[in-house]
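Visitor: Need the 3D shape of this:
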Amino acid sequence: MTREELVSEETKMKSQKITTAVFIGFLIGIAVWSATHKGAFLTFLLLFFAFWIGKRSAQNIKSLQEEISRREEAG
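Guide: Have a look, this model is predicted:
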C-alpha cells in the first residue's frame, strides 16, 4: 500500500472507533444483565469477547501507525 492509502485506512479505522465502542458497550450491558440474572458463563464469555474486540482494534490501529511512521522515516 502507498503512504496515502495507509493514511486513508488509518482515518477510516479511527472513525470506526465510535462504532466499536458502542458495540463493546452493548456487549458489556448484556454481560451485566446476564450477571444479575445468574448467567455467569454468558457474562464471562461476553466480557472476554468485548475485551478481545477492543484489543484487536487497538492493535490494528497501532500497527498501521507504526507502518506509516516507518515509511515516513524511510522516505
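Visitor: Could you check how far the closest residue in space to I68 that isn't next to it in sequence is from E66?
Guide: Excluding the flanking residues, the one nearest I68 by Cβ to Cβ, 6 or more residues apart in numbering is L6, at 5.1 Å. The way it works is simple: take the backbone N, C-alpha and C, and place the C-beta from them, glycine included. Noted for L6: a distance of 10 Å to E66, by Cβ to Cβ, to the nearest Å.
Visitor: quick revisit: what's the local residue count around the residue nearest to I68?
Guide: 15 (other Cβ atoms under 10 Å).
Visitor: is it true that it touches S69?
Guide: No: between L6 and S69 there is no contact under Cβ atoms under 8 Å: 10.2 Å.
Visitor: What residues sit buried inside the helix or strand containing E4?
Guide: For E4, the host element (DSSP states H and E) is helix 3-15. For helix 3-15, a neighbour-count test (16 or more other Cβ atoms under 10 Å) marks E9, E10 as buried.
Visitor: For it, what is the distance to the chain centroid?
Guide: A distance of 15 Å separates the centroid of the chain from that of helix 3-15, by Cα atoms, centre = their mean, to the nearest Å.
Visitor: Just the element for the residue most central in space within the chain, please.
Guide: Most central in the chain under Cα atoms, centre = their mean is S57, positioned 2.6 Å from the mean C-alpha point. Taking DSSP H and E as the criterion, S57 maps to helix 40-74.
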